[in-house]
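[1] When you get a sec, could you give me coordinates for this:
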Amino acid sequence: MGGEESQRRKNLGGLLTEARKLNGNLKALGLSATPVINHLSEGISLLSYITGNEYNDLSDKSTTMNAMSLHQKLTLLSIREMRRYKSEVREKNLLLKII
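    Next comes the predicted model:
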C-alpha cells in the first residue's frame, strides 16, 4: 500500500498484534471519523486492524472495481444502523391548461 505509515498507526498495529497474542479471541471495533474513506489504503488498513489479517487480494489503486471489492469486505464486517423513516406516497393528478 502506498505511503509511509505514521507513528500512530505503527503503535496501534503493534498494540493490536501484542493483544492478539495474549488473547486469540480478541475482538476489535474500528471507527472512522470520516463517512467516506479518502483513499482505498485507509479502508484496507482499517480492515487489517480490525481482523488482524492481511488483505493481499485488495488493491489500493483507485479504480471502481477495487473500491467495490473493498466495500464488499467492509460490508461483511460492518454494523450499521439503517433508520426506517415513516413515509407515504401520495399521488395527485392535475389537469393543467396551457395557454
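[2] What average pLDDT does whichever strand or helix holds residue 65 get?
    In this assignment (DSSP states H and E), residue 65 forms part of helix 64-77. Here helix 64-77 scores 91 as its mean pLDDT.
[3] Check stretch 31-47 too.
    79.
[4] which one is the residue nearest the centre of the chain nearest to, not counting chain neighbours?
    Centroid-nearest residue in the chain: residue 74, 4.7 Å away (criterion: Cα atoms, centre = their mean). The shortest distance from residue 74 to any non-neighbouring residue, by Cβ to Cβ, 6 or more residues apart in numbering, is to residue 43 (6.2 Å). (Glycine included, C-beta is placed from N, CA and C.)
[5] okay, now the one you found: neighbour count?
    23 (other Cβ atoms under 10 Å).
[6] got the residue ranges for the helices in this structure?
    7-22, 40-51, 64-77 (DSSP state H).
[7] Check the ones you listed for me and report the most buried one.
    helix 40-51 (a mean of 19; mean count of other Cβ atoms under 10 Å).
[8] That one vs helix 7-22, what angle?
    Interaxial angle of helix 40-51 relative to helix 7-22 (axes from the mean of the first three to the mean of the last three Cα atoms, to 10 degrees): 30 degrees.
[9] Mind giving me the packing neighbours of helix 40-51?
    helix 7-22, helix 64-77 (3 or more Cβ pairs under 8 Å, 6 or more residues apart in numbering; DSSP states H and E).
[10] So which of the ones you listed is nearest residue 98?
    helix 64-77 (43.7 Å; Cβ to Cβ).
[11] elements contacting the closest one?
    Against helix 64-77 (3+ Cβ pairs under 8 Å, 6+ apart) you get helix 40-51.
[12] now the helix it packs on and helix 64-77, what's the angle there?
    20 degrees.
[13] okay, the helices of the chain in CSV with distance to residue 99 next?
    Shown next, in CSV, are these (distance: least, Cβ to Cβ, whole Å):
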stretch, distance to residue 99
helix 7-22, 67
helix 40-51, 56
helix 64-77, 49
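[14] out of those helices, which comes closest to residue 92?
    Here helix 64-77 is closest among those (Cβ to Cβ), at 38.6 Å.
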